[in-house]
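S.K.: any chance you could fold what I've pasted below:
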Amino acid sequence: MKNTKFVVKVNVGGTRAPQYVQRIDRAPIQTTTNRKLALVMGKFMAEDTIKSLQNSRRIPELISVQVEYGQLSV
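M.R.: Presented below is the predicted three-dimensional model:
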């Protein structure tokens, strides 16, 4: 059985490589360029993260991923 989880992708104006949200328990939110280290979260938490990032210069995007038995399959 597969569940749909979400990753928040962040584009910063001049950065070529996209960044992904890694931790949200700190201010400012930590990001990483390694997608494997990205925080996989539920839809409501991902939407709240996007709302908190909308006031900054970052452009957040919601990306869905399939998770099966605790494993991430992209």
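S.K.: tell me where the protein has helices.
M.R.: Using DSSP state H, the helices of the chain run over 43-53.
S.K.: quick one, strands of it?
M.R.: Assigned by DSSP state E, the chain shows strands spanning 2-12, 19-23, 30-32, 58-68, 71-73.
S.K.: make CSV from those and add distance to M41, mean neighbour count and mean pLDDT to it.
M.R.: (Each C-beta comes from the backbone N, C-alpha and C, glycine too.) Formatted as CSV, those follow (distance: least, C-beta to C-beta, whole Å; neighbours: other C-beta atoms under 10 Å; pLDDT from 0 to 100):
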stretch, distance to M41, mean neighbour count, mean pLDDT
strand 2-12, 6, 17, 87
strand 19-23, 8, 18, 90
strand 30-32, 14, 17, 89
strand 58-68, 10, 14, 86
strand 71-73, 12, 10, 57
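S.K.: touching, L37 and Q22? I think so.
M.R.: Yes: shown here, L37 and Q22 form a contact pair, counting by C-beta atoms under 8 Å, at 5.6 Å.
S.K.: related to what we said a few turns ago, between the strands of the chain, which gets nearest to G42?
M.R.: strand 2-12 (6.6 Å; C-beta to C-beta).
S.K.: I'm done for today, thanks for sticking with me.
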